[in-house]
Structures are given as C-alpha cells and as structure tokens.
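Novice: Attaching a predicted model along with its sequence, questions to come.
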Amino acid sequence: MPELPEVEIVRQSLDKNIKYKKVKNVIIRNRNLRFKIPLKFENFLRGQEITKVDRFSKYLILSLSNNSFCLLHLGMSGTIHLVFNNKKNFLTNTSFYNSPMLPNKHNHIEIIFSDLKIIYNDPRRFGFLQIIRDSNLLKKRFEHLGPEPFSSNFNLSYILSFFKGKKKNIKNFLLDQNFVSGIGNIYASEILFLSKINPTKKVRLLKKEDCKKIIINCKKVLSNAIKKGGSSIKDFKNTDGETGSFQKDFNVYERQGLNCKRSKCKGIIRKKTISNRSTFFCNFCQK
DNA sequence: AAGAGGCCCTGATAGC
DNA sequence: TGCTATCAGGGCCTCT
C-alpha cells in the first residue's frame, strides 16, 4: 500500500503528535513481522524521547534521545493509528477494540505516550520496526538505496549513466529502489502515463527528452499525491483514520477498459502484468 | 553483474 | 454455503 507519499502523510502526523514526547511503555503482541522484533526492543524504547520524525523513501525514522533510531516500514499493508488518552481503559488497550474506527485485528505493536498511543497494525506483516544504534549504522542501512525523486542527485546525467548497458524496461527501473527510491507500483504507472512512455519500453531506447520528462513527472506525481493526502487504495488511511483523495486523480491505475483521460486521445487503458506486477497504461498515447 | 523468479503473510474476491 | 485459486500497493534473497 504505502509508497513515498503515504509514508510522508504518516510522518507529518507523527511529527505533529509524538515529537518531543517520551515513550512510557511499549506493548508487543506479535513479534513476527518481516524481521523478528527482539525481546530487548521494548526496554530500549522505554523512556526515550522522540526528538525528530524523519522519512527516507518509504521508511520512517524516529530519532531517539539516546542518539539511536527506530526505523519503521509499513510493508504492503501496515498502518499507524493514533489513540488519544480521552478514553477509559487507555492503558489496558481494550476500549479501542470496540471502536468501529479502529482495526480490531493485527494490532501488533503499541507505543504509549502520556497523552496518546500509536498502534501499528499490519495484516500481512510485511512491515517492520527496527532499532538502529547510531547514525553511522543508519547511513549504512540506506546506502544501497538510490536517491529520492525530489533529490538533486536524481538528474539527467545520473539517469543516463545508470541506464547505460541495462536491458530492463522503464517500469522495472521506476520500481527498482536502487535506482530511485520511494516509487511503488501505483505511482510508477501514473508517472509513465504523464510522460507518454510505454511501460514495456527498454531504457536503452529512451531519448534524453523522455528522461527529462520522467524526472519532472516523478516529482509531480508524488508531490501532488502528498498534497492530496495520499491514495486510498484498499484501506490506506492517515493516522486519524481518514482516507486520502489522490485515487480520484488516477489516470491509469485500476482504470483498465476505460477511455484515456488525455483530451483528444482515443486510447483505452490496458492492464498488463510486467514482472509479476500489474501495470496500467494507455495503448495509444504511451509510445 | 544484471535480471528473473520465488518467497514472506493475510484477506478480499471470483469461480465452481 | 463452502471450497479453492488468484491477486494485492514491498523488499529481500537466491539462482543463473
């Protein structure tokens, strides 16, 4: 579910709600996320103040007062929910199970502050939380990842040299986090639509102008999605339980069989599986 | 080294 | 109704 824009929405909410607050308690019901949560996790976090809430790519980075970090990745189905301390049984975490606004299953982790708690819910358990001991290790943790689309390092010469000698198609590269980090399956299709590039196009056939369009449209699609509060495919919600509205802006995603939205284009949106991922594109204007 | 494929897991939906 | 198959927005690992 969550690509860079959705994670950014969560970051903004956490920044507003848990920054400068001290962790009172941590409850873990299921340690078997993507990476097993070690037994010492709770003790490590308890008593720490959250000094900063950052994001890189699809990763949330909570800075802790002891100069370490708590990394959080939402995987495919992870969500963060805020519960404010105005309910009975707040600390015994029973009340929200009865609330229709909150999920009642797969609430694996709670991080409790004095006035609110955050709940990590993740049905598929592809997400994870991880302690990173210091900034050097944090740097190392991300060194295999390419630049974000917003970075000045994501420029024409970078793209041209990265594509040199490669045989894959452009859709695969947009999803390749070593090339550019933060784009997922939905926005990859949307970016290629705006760029009028067919997702199956081999990168060695792309012209300079195509690459320029890709740079511009990566930024455009992601920043627009952030502005709209993220997409609401399946059950994406921000931490207040509200859905984003970007999905209304989809040009191709989940629009197979419908007319191309580009004015004067007579094309039909097609769905095609590329490297095991569904891909959507206009069969006429994306060359 | 690049690229293809498999796998981690649950839930929603479709088809019989 | 109840079974089985297929598909989901991610990322990492292995094999060729």
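Specialist: Structure received.
Novice: use CA for all of it now, contacts and neighbours both
Specialist: Fine.
Novice: Tell me the secondary structure of A:Gly47, please.
Specialist: For A:Gly47, the assignment made with DSSP: H, G, I helix; E, B strand; the rest coil gives coil.
Novice: Tell me how far it lies from DNA strand B.
Specialist: To DNA strand B, A:Gly47 is 31 Å away according to Cα to the nearest atom of the strand, to the nearest Å.
Novice: Local confidence estimate at that residue?
Specialist: The model reports A:Gly47 with a pLDDT of 98.
Novice: so what's A:Gly47 up against?
Specialist: Taking Cα atoms under 8 Å, 6 or more residues apart in numbering, we find A:Gly47 in contact with A:Lys22, A:Val23, A:Lys24, A:Asn25.
Novice: Apply 6 Å and report the result again.
Specialist: A:Gly47 sits next to A:Lys22, A:Val23, A:Lys24 when contact means Cα atoms under 6 Å, 6 or more residues apart in numbering.
Novice: The second one reaches A:Ser114, doesn't it?
Specialist: The reference is to A:Val23. No - A:Val23 is beyond contact range of A:Ser114, at 7.8 Å (criterion: Cα atoms under 6 Å).
Novice: For the two, indicate the residue with more neighbours.
Specialist: Neighbours per residue, other Cα atoms under 10 Å: of A:Val23 and A:Ser114, the larger number sits with A:Val23, 20 against 13.
Novice: other SSEs contacting the helix or strand that contains A:Ile215?
Specialist: Assigned by DSSP states H and E, A:Ile215 belongs to helix A:208-227. Packing contacts for helix A:208-227, counted by 3 or more Cα pairs under 6 Å, 6 or more residues apart in numbering; DSSP states H and E, involve helix A:4-18.
Novice: which outside residues touch the helix it packs on?
Specialist: By Cα under 6 Å, 6+ apart, helix A:4-18 touches A:Val53, A:Ser57, A:Lys58, A:Gly182, A:Leu222, A:Ala225, A:Ile226, A:Gly230.
Novice: Just the buried ones from those?
Specialist: A:Val53, A:Ser57, A:Lys58, A:Gly182, A:Leu222, A:Ala225, A:Ile226, A:Gly230 (16 or more other Cα atoms under 10 Å).
Novice: Now do the same contact list for the first one.
Specialist: A:Val53 is in contact with A:Asp15, A:Ile61, A:Leu62, counting by Cα under 6 Å, 6+ apart.
Novice: what's the neighbour count on the first one?
Specialist: When you say that, I think you mean A:Asp15. 17.
Novice: now the strands: where do they sit in the stretch 101-250 of chain A?
Specialist: Remark: strands assigned in the stretch 101-250 of chain A by DSSP state E, counting those that start in this stretch are A:107-112, A:116-121, A:128-132.
Novice: Which of those strands comes out lowest on mean pLDDT?
Specialist: Looking at the strands of the stretch 101-250 of chain A, the bottom one is strand A:116-121 with a mean of 91.
Novice: hang on, the earlier thing: nearest to A:Glu3 among the strands of the stretch 101-250 of chain A would be which one?
Specialist: For the strands of the stretch 101-250 of chain A, distance to A:Glu3 was read as Cα to Cα. The smallest value, 15.0 Å, belongs to strand A:128-132.
Novice: For stretch A:65-73, list every residue counted as buried.
Specialist: Neighbour-count burial for stretch A:65-73 [16+ other Cα under 10 Å]: A:Ser65, A:Ser68, A:Phe69, A:Cys70, A:Leu71, A:Leu72, A:His73.
Novice: Brilliant, that's me finished.
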